[in-house]
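Peer 1: Take a look and give me a structure for this.
(chains A, B, C and D)
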Protein chains: 2
Amino acid sequence: MNIGDVAKHAGLPAKTIRYYEDIGLIEPDRSANGYRDFSDSDLHKLRFLGHARSLGFSIEDCRGLLALYKDKDRASADVKHIAEEHLAKIDAKIAELQAMRHTLAHLVKACAGDDRPDCPILTDLATARSDTS
Amino acid sequence: MNIGDVAKHAGLPAKTIRYYEDIGLIEPDRSANGYRDFSDSDLHKLRFLGHARSLGFSIEDCRGLLALYKDKDRASADVKHIAEEHLAKIDAKIAELQAMRHTLAHLVKACAGDDRPDCPILTDLATARSDTS
DNA sequence: CCTTGACCTTCCTGTGACTGGAAGGCTTAT
DNA sequence: ATAAGCCTTCCAGTCACAGGAAGGTCAAGG
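Peer 2: Presented below is the predicted three-dimensional model:
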(Lines give C-alpha, C1' and ligand atoms only; values in the text may rest on other atoms or scores of the structure.)
Protein backbone atom coordinates (compact mmCIF):
# COMPACT_ATOMS: atom_id res chain seq x y z
CA MET A 1 0.00 0.00 0.00
CA ASN A 2 1.32 3.44 -0.93
CA ILE A 3 1.26 6.37 1.43
CA GLY A 4 -1.75 8.03 -0.22
CA ASP A 5 -3.94 4.98 0.26
CA VAL A 6 -2.81 4.38 3.79
CA ALA A 7 -3.38 8.05 4.56
CA LYS A 8 -6.98 7.77 3.39
CA HIS A 9 -7.58 4.58 5.33
CA ALA A 10 -5.94 5.83 8.49
CA GLY A 11 -7.47 9.30 8.27
CA LEU A 12 -4.07 10.96 8.65
CA PRO A 13 -2.21 13.34 6.30
CA ALA A 14 0.68 11.76 4.39
CA LYS A 15 2.97 14.39 5.94
CA THR A 16 2.07 13.16 9.38
CA ILE A 17 2.75 9.57 8.43
CA ARG A 18 6.20 10.45 7.09
CA TYR A 19 6.83 12.33 10.30
CA TYR A 20 5.84 9.30 12.35
CA GLU A 21 8.36 7.27 10.41
CA ASP A 22 11.03 9.93 10.98
CA ILE A 23 10.60 9.72 14.73
CA GLY A 24 10.49 5.96 14.68
CA LEU A 25 6.86 5.24 15.50
CA ILE A 26 6.46 3.11 12.40
CA GLU A 27 8.89 1.39 10.04
CA PRO A 28 7.23 0.71 6.71
CA ASP A 29 9.02 -1.37 4.06
CA ARG A 30 10.22 0.14 0.81
CA SER A 31 9.28 -0.95 -2.67
CA ALA A 32 11.93 -1.27 -5.40
CA ASN A 33 11.11 2.24 -6.60
CA GLY A 34 11.78 3.73 -3.19
CA TYR A 35 8.12 4.24 -2.32
CA ARG A 36 7.02 3.34 1.18
CA ASP A 37 5.11 0.08 1.23
CA PHE A 38 2.73 -0.15 4.17
CA SER A 39 1.53 -3.44 5.59
CA ASP A 40 -1.80 -4.03 7.28
CA SER A 41 0.07 -3.95 10.55
CA ASP A 42 1.41 -0.48 9.72
CA LEU A 43 -2.08 0.69 8.89
CA HIS A 44 -3.29 -0.74 12.15
CA LYS A 45 -0.61 1.12 14.08
CA LEU A 46 -1.41 4.34 12.30
CA ARG A 47 -5.05 4.06 13.20
CA PHE A 48 -4.04 3.35 16.77
CA LEU A 49 -1.88 6.47 16.71
CA GLY A 50 -4.67 8.55 15.22
CA HIS A 51 -7.06 7.53 17.97
CA ALA A 52 -4.55 8.07 20.74
CA ARG A 53 -3.54 11.46 19.37
CA SER A 54 -7.17 12.52 19.03
CA LEU A 55 -7.54 11.78 22.73
CA GLY A 56 -4.69 14.19 23.31
CA PHE A 57 -1.96 11.70 24.17
CA SER A 58 1.47 13.13 23.40
CA ILE A 59 3.74 11.47 20.88
CA GLU A 60 5.83 10.06 23.71
CA ASP A 61 2.70 8.72 25.38
CA CYS A 62 1.82 7.10 22.07
CA ARG A 63 5.25 5.52 21.84
CA GLY A 64 4.69 4.01 25.27
CA LEU A 65 1.18 2.88 24.43
CA LEU A 66 2.32 1.27 21.19
CA ALA A 67 5.04 -0.61 23.06
CA LEU A 68 2.51 -1.83 25.60
CA TYR A 69 0.12 -2.75 22.83
CA LYS A 70 2.78 -4.86 21.17
CA ASP A 71 3.75 -6.50 24.45
CA LYS A 72 1.06 -9.11 25.04
CA ASP A 73 2.31 -9.65 28.58
CA ARG A 74 1.98 -6.10 29.80
CA ALA A 75 0.01 -5.38 32.94
CA SER A 76 -3.13 -3.38 32.33
CA ALA A 77 -2.01 -1.24 35.29
CA ASP A 78 0.83 0.14 33.16
CA VAL A 79 -1.59 1.32 30.51
CA LYS A 80 -4.02 2.66 33.07
CA HIS A 81 -1.22 4.64 34.67
CA ILE A 82 -0.41 6.48 31.45
CA ALA A 83 -4.08 7.13 30.82
CA GLU A 84 -4.68 8.43 34.33
CA GLU A 85 -1.75 10.81 34.15
CA HIS A 86 -3.05 12.11 30.88
CA LEU A 87 -6.53 12.47 32.33
CA ALA A 88 -5.09 14.54 35.18
CA LYS A 89 -3.38 16.81 32.66
CA ILE A 90 -6.62 17.24 30.77
CA ASP A 91 -8.43 18.11 33.97
CA ALA A 92 -5.79 20.66 34.87
CA LYS A 93 -6.03 22.22 31.44
CA ILE A 94 -9.81 22.37 31.63
CA ALA A 95 -9.64 24.03 35.04
CA GLU A 96 -7.16 26.59 33.75
CA LEU A 97 -9.31 27.41 30.76
CA GLN A 98 -12.41 27.69 32.90
CA ALA A 99 -10.68 30.17 35.18
CA MET A 100 -9.72 32.22 32.13
CA ARG A 101 -13.22 31.93 30.81
CA HIS A 102 -14.67 33.11 34.09
CA THR A 103 -12.57 36.26 34.24
CA LEU A 104 -12.89 37.05 30.58
CA ALA A 105 -16.65 36.53 30.53
CA HIS A 106 -16.96 39.03 33.36
CA LEU A 107 -14.96 41.58 31.45
CA VAL A 108 -16.85 41.08 28.23
CA LYS A 109 -20.13 41.45 30.05
CA ALA A 110 -18.98 44.67 31.71
CA CYS A 111 -17.97 46.23 28.41
CA ALA A 112 -20.64 48.28 26.67
CA GLY A 113 -19.30 47.42 23.23
CA ASP A 114 -20.43 50.65 21.65
CA ASP A 115 -18.80 53.71 20.06
CA ARG A 116 -17.57 55.19 23.30
CA PRO A 117 -13.90 54.75 24.22
CA ASP A 118 -14.70 53.68 27.75
CA CYS A 119 -13.67 50.04 28.13
CA PRO A 120 -13.47 48.06 31.37
CA ILE A 121 -11.60 45.28 29.59
CA LEU A 122 -8.63 47.52 28.90
CA THR A 123 -8.65 49.26 32.26
CA ASP A 124 -8.74 45.90 33.95
CA LEU A 125 -5.88 44.51 31.88
CA ALA A 126 -3.90 47.63 32.75
CA THR A 127 -4.43 47.30 36.49
CA ALA A 128 -5.68 43.81 37.25
CA ARG A 129 -4.80 42.05 40.44
CA SER A 130 -6.27 38.93 38.79
CA ASP A 131 -9.42 39.40 40.83
CA THR A 132 -12.39 40.37 38.72
CA SER A 133 -15.32 39.01 40.66
CA MET B 1 15.30 50.60 35.34
CA ASN B 2 17.32 47.57 34.22
CA ILE B 3 15.75 44.43 32.88
CA GLY B 4 16.15 42.47 36.10
CA ASP B 5 14.21 45.02 38.14
CA VAL B 6 11.50 45.42 35.58
CA ALA B 7 11.21 41.63 35.34
CA LYS B 8 10.60 41.44 39.08
CA HIS B 9 8.03 44.22 39.03
CA ALA B 10 6.20 42.93 35.98
CA GLY B 11 6.34 39.31 37.06
CA LEU B 12 7.83 38.21 33.75
CA PRO B 13 11.14 36.46 32.97
CA ALA B 14 13.83 38.73 31.49
CA LYS B 15 13.97 36.39 28.50
CA THR B 16 10.33 37.04 27.78
CA ILE B 17 10.81 40.79 27.99
CA ARG B 18 13.69 40.66 25.50
CA TYR B 19 11.49 38.58 23.26
CA TYR B 20 8.70 41.15 23.49
CA GLU B 21 11.18 43.79 22.40
CA ASP B 22 12.34 41.59 19.51
CA ILE B 23 8.84 41.31 18.15
CA GLY B 24 8.14 44.99 18.66
CA LEU B 25 5.67 44.97 21.54
CA ILE B 26 7.84 47.35 23.56
CA GLU B 27 10.70 49.69 22.70
CA PRO B 28 12.75 50.44 25.78
CA ASP B 29 15.52 53.08 25.65
CA ARG B 30 19.16 52.13 25.96
CA SER B 31 21.62 53.45 28.51
CA ALA B 32 25.12 54.53 27.50
CA ASN B 33 26.47 51.08 28.39
CA GLY B 34 24.02 49.35 26.06
CA TYR B 35 21.73 48.11 28.82
CA ARG B 36 17.99 48.42 28.28
CA ASP B 37 16.51 51.29 30.26
CA PHE B 38 12.81 50.77 31.00
CA SER B 39 10.44 53.64 31.72
CA ASP B 40 7.36 53.45 33.91
CA SER B 41 5.33 53.32 30.74
CA ASP B 42 7.29 50.25 29.59
CA LEU B 43 6.65 48.58 32.92
CA HIS B 44 3.00 49.43 32.61
CA LYS B 45 2.83 47.87 29.16
CA LEU B 46 4.60 44.74 30.37
CA ARG B 47 2.12 44.30 33.18
CA PHE B 48 -0.68 44.78 30.68
CA LEU B 49 0.89 42.11 28.49
CA GLY B 50 1.31 39.76 31.42
CA HIS B 51 -2.34 40.02 32.32
CA ALA B 52 -3.56 39.64 28.76
CA ARG B 53 -1.29 36.62 28.18
CA SER B 54 -2.45 35.00 31.40
CA LEU B 55 -5.99 35.26 30.04
CA GLY B 56 -4.77 33.36 27.03
CA PHE B 57 -4.75 36.18 24.49
CA SER B 58 -2.27 35.47 21.70
CA ILE B 59 0.66 37.77 21.07
CA GLU B 60 -1.13 39.20 18.05
CA ASP B 61 -4.24 39.78 20.16
CA CYS B 62 -2.02 41.57 22.65
CA ARG B 63 -0.56 43.73 19.93
CA GLY B 64 -4.08 44.77 18.95
CA LEU B 65 -5.14 45.35 22.54
CA LEU B 66 -2.07 47.47 23.23
CA ALA B 67 -2.80 49.59 20.18
CA LEU B 68 -6.38 50.06 21.31
CA TYR B 69 -5.20 50.85 24.80
CA LYS B 70 -2.92 53.56 23.47
CA ASP B 71 -5.64 54.99 21.24
CA LYS B 72 -7.84 56.99 23.57
CA ASP B 73 -10.49 57.34 20.88
CA ARG B 74 -11.07 53.63 20.21
CA ALA B 75 -14.56 52.29 20.40
CA SER B 76 -15.09 49.84 23.23
CA ALA B 77 -16.79 47.63 20.65
CA ASP B 78 -13.40 47.01 19.01
CA VAL B 79 -11.98 45.71 22.25
CA LYS B 80 -15.05 43.71 23.04
CA HIS B 81 -14.85 42.10 19.64
CA ILE B 82 -11.34 40.78 20.25
CA ALA B 83 -12.33 39.57 23.70
CA GLU B 84 -15.43 37.82 22.42
CA GLU B 85 -13.53 36.03 19.70
CA HIS B 86 -11.03 34.87 22.26
CA LEU B 87 -13.82 33.76 24.56
CA ALA B 88 -15.27 31.69 21.74
CA LYS B 89 -11.89 30.03 21.19
CA ILE B 90 -11.63 29.24 24.87
CA ASP B 91 -15.09 27.72 24.85
CA ALA B 92 -14.22 25.60 21.83
CA LYS B 93 -11.04 24.39 23.50
CA ILE B 94 -12.90 23.56 26.69
CA ALA B 95 -15.52 21.60 24.76
CA GLU B 96 -12.80 19.68 22.92
CA LEU B 97 -11.02 18.80 26.13
CA GLN B 98 -14.24 17.75 27.79
CA ALA B 99 -15.02 15.41 24.91
CA MET B 100 -11.57 13.87 25.31
CA ARG B 101 -12.05 13.68 29.04
CA HIS B 102 -15.37 11.95 28.60
CA THR B 103 -14.00 9.22 26.37
CA LEU B 104 -10.81 8.76 28.32
CA ALA B 105 -12.55 8.62 31.69
CA HIS B 106 -14.75 5.83 30.35
CA LEU B 107 -11.72 3.88 29.22
CA VAL B 108 -9.85 4.36 32.46
CA LYS B 109 -12.86 3.24 34.42
CA ALA B 110 -13.23 0.12 32.29
CA CYS B 111 -9.60 -0.90 32.81
CA ALA B 112 -8.93 -3.20 35.74
CA GLY B 113 -5.47 -1.77 36.27
CA ASP B 114 -4.01 -4.94 37.64
CA ASP B 115 -1.35 -7.47 36.65
CA ARG B 116 -3.37 -9.05 33.88
CA PRO B 117 -2.63 -8.05 30.30
CA ASP B 118 -6.27 -7.53 29.44
CA CYS B 119 -6.76 -3.84 28.76
CA PRO B 120 -9.85 -2.19 27.26
CA ILE B 121 -7.93 1.05 26.78
CA LEU B 122 -5.60 -0.57 24.29
CA THR B 123 -8.24 -2.61 22.51
CA ASP B 124 -10.35 0.49 22.16
CA LEU B 125 -7.48 2.57 20.78
CA ALA B 126 -6.81 -0.21 18.32
CA THR B 127 -10.35 -0.39 17.02
CA ALA B 128 -12.23 2.71 18.13
CA ARG B 129 -14.94 4.23 16.03
CA SER B 130 -14.75 7.20 18.42
CA ASP B 131 -17.87 5.97 20.15
CA THR B 132 -17.19 4.71 23.62
CA SER B 133 -20.44 5.37 25.43
C1' DC C 1 7.12 7.59 -28.25
C1' DC C 2 5.81 11.60 -25.79
C1' DT C 3 3.35 14.10 -22.74
C1' DT C 4 0.35 15.01 -18.99
C1' DG C 5 -1.10 14.57 -14.44
C1' DA C 6 -1.13 12.29 -10.29
C1' DC C 7 1.51 10.19 -7.47
C1' DC C 8 5.86 9.63 -4.72
C1' DT C 9 10.68 11.09 -2.72
C1' DT C 10 13.92 14.16 0.24
C1' DC C 11 15.19 18.41 2.24
C1' DC C 12 14.47 22.96 4.21
C1' DT C 13 11.79 26.37 6.48
C1' DG C 14 8.13 28.12 9.51
C1' DT C 15 4.78 27.85 13.26
C1' DG C 16 3.96 30.10 18.83
C1' DA C 17 5.90 31.81 22.53
C1' DC C 18 9.10 31.31 24.54
C1' DT C 19 13.48 28.68 27.28
C1' DG C 20 18.29 27.33 27.84
C1' DG C 21 22.87 28.09 27.20
C1' DA C 22 27.30 29.88 25.36
C1' DA C 23 30.53 33.67 24.99
C1' DG C 24 31.54 37.92 26.29
C1' DG C 25 31.06 43.01 28.34
C1' DC C 26 29.92 46.07 32.51
C1' DT C 27 29.74 47.26 37.52
C1' DT C 28 30.59 47.02 42.19
C1' DA C 29 32.91 45.22 46.13
C1' DT C 30 36.67 43.14 48.18
C1' DA D 1 43.31 41.94 40.58
C1' DT D 2 39.54 39.32 40.88
C1' DA D 3 35.16 37.60 41.85
C1' DA D 4 30.15 38.08 41.73
C1' DG D 5 26.35 39.42 39.65
C1' DC D 6 24.45 41.87 36.52
C1' DC D 7 23.85 42.78 31.40
C1' DT D 8 24.45 41.91 26.10
C1' DT D 9 23.82 39.11 21.56
C1' DC D 10 23.20 35.00 19.08
C1' DC D 11 22.10 30.15 18.33
C1' DA D 12 19.58 25.98 19.25
C1' DG D 13 15.66 23.49 21.00
C1' DT D 14 10.75 22.84 22.16
C1' DC D 15 5.99 20.17 19.98
C1' DA D 16 3.79 18.07 16.23
C1' DC D 17 3.48 18.83 12.40
C1' DA D 18 2.43 21.98 7.59
C1' DG D 19 4.00 24.19 3.35
C1' DG D 20 6.67 24.18 -0.47
C1' DA D 21 10.61 23.38 -3.70
C1' DA D 22 13.04 20.23 -6.73
C1' DG D 23 12.92 16.13 -8.72
C1' DG D 24 11.84 10.84 -9.59
C1' DT D 25 7.95 7.30 -10.97
C1' DC D 26 3.84 5.47 -12.96
C1' DA D 27 -0.36 4.84 -15.77
C1' DA D 28 -3.27 6.62 -19.36
C1' DG D 29 -4.13 9.00 -23.62
C1' DG D 30 -2.79 10.81 -28.18
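Peer 1: What pLDDT is listed against the residue nearest in space to the middle of chain A?
Peer 2: In chain A, the centroid-proximal residue (CA atoms, centre = their mean) is residue A:56; its distance is 3.4 Å. Note on residue A:56: pLDDT of 97.
Peer 1: where's the closest residue to it other than its chain neighbours, which helix or strand?
Peer 2: In space, not counting the residues next to it along the chain, residue A:56 is nearest to residue B:100; the distance is 4.9 Å by CB to CB, 6 or more residues apart in numbering or on different chains. Bear in mind the C-beta positions are built from the backbone N, C-alpha and C, glycine included. Assigned by DSSP states H and E, residue B:100 falls within helix B:76-110.
Peer 1: tell me which residues of that helix are tucked away?
Peer 2: Buried residues in helix B:76-110, counted by 16 or more other CB atoms under 10 Å in any protein chain shown: B:76, B:78-80, B:82-84, B:86-87, B:90, B:93-94, B:97, B:100-101, B:103-105, B:107-108.
Peer 1: what about the residue in chain A sticking out farthest from the centre, distance to DNA strand C?
Peer 2: No residue in chain A sits farther from the centre than residue A:116, which is 41.6 Å out by CA atoms, centre = their mean. Distance, residue A:116 to DNA strand C, by CB to the nearest atom of the strand, to the nearest Å: 29 Å.
Peer 1: Please verify my assumption that that residue contacts residue B:76.
Peer 2: Yes. Under the criterion of CB atoms under 8 Å, residue A:116 makes contact with residue B:76 at 5.9 Å.
Peer 1: Retrieve the pLDDT associated with the residue nearest to residue A:105 when sequence neighbours are not counted.
Peer 2: Excluding the flanking residues, the one nearest residue A:105 by CB to CB, 6+ apart is residue B:87, at 6.4 Å. pLDDT, residue B:87: 97.
Peer 1: residue contacts, residue B:87?
Peer 2: Going by CB atoms under 8 Å, 6 or more residues apart in numbering or on different chains, residue B:87 touches A:101, A:104-105, A:108.
Peer 1: what do you get if the cut-off is 10 Å, keeping everything else the same?
Peer 2: Residue B:87 sits next to A:100-101, A:104-105, A:107-108, B:55-56, B:80 when contact means CB atoms under 10 Å, 6 or more residues apart in numbering or on different chains.
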